[in-house]
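Novice: Predicted model follows, preceded by the sequence.
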Amino acid sequence: MLNTFCKMPLWECNARIVRVVHGRQPADLVIRHARLVSVATHVILEDTDIAIASGRVSHLGISP
């Protein structure tokens, strides 16, 4: 099943996402100092950095 919000299937972009997570390749977009709402735990995470690669969230940087 293809997700219409992503640029390509996960199996095609998995290697690139792993390189972004390990810092070997830059992300396509980084959102800094965001408020992230966890719908599972109903918690608001303040000052979160979100890295996006190939149309998918590749990393969440949560400041202490």
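Specialist: It's in.
Novice: So for the residue most central in space within the chain, what's the nearest residue that isn't a sequence neighbour?
Specialist: Nearest residue to the geometric centre of the chain (C-alpha atoms, centre = their mean): residue 57, 1.9 Å. Distance criterion C-beta to C-beta, 6 or more residues apart in numbering; nearest residue to residue 57, sequence neighbours excluded, is residue 50 at 6.2 Å. No exception for glycine: its C-beta is placed from N, CA and C like everyone else's.
Novice: Let me know the helix or strand that that neighbour is in.
Specialist: strand 43-53 (DSSP states H and E).
Novice: got the contact list for that strand?
Specialist: With contacts defined as C-beta atoms under 8 Å, 6 or more residues apart in numbering, strand 43-53 is touched by 13, 16-17, 20, 25, 27-38, 57-63.
Novice: how about it as PDB, C-alpha atoms only?
Specialist: This file holds the C-alpha atoms of strand 43-53, laid out as PDB (Å, rounded to 0.1, in the frame of the first residue of the first chain):
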ATOM      1  CA  VAL A  43       1.500  14.900  26.400                       C
ATOM      2  CA  ILE A  44       2.700  18.100  24.900                       C
ATOM      3  CA  LEU A  45       6.500  18.000  24.300                       C
ATOM      4  CA  GLU A  46       7.900  21.500  24.300                       C
ATOM      5  CA  ASP A  47      11.000  22.600  22.300                       C
ATOM      6  CA  THR A  48      11.200  19.700  20.000                       C
ATOM      7  CA  ASP A  49      13.300  19.500  16.700                       C
ATOM      8  CA  ILE A  50      11.800  17.400  13.900                       C
ATOM      9  CA  ALA A  51      13.900  16.200  11.000                       C
ATOM     10  CA  ILE A  52      12.100  15.200   7.800                       C
ATOM     11  CA  ALA A  53      13.700  13.100   5.000                       C
END
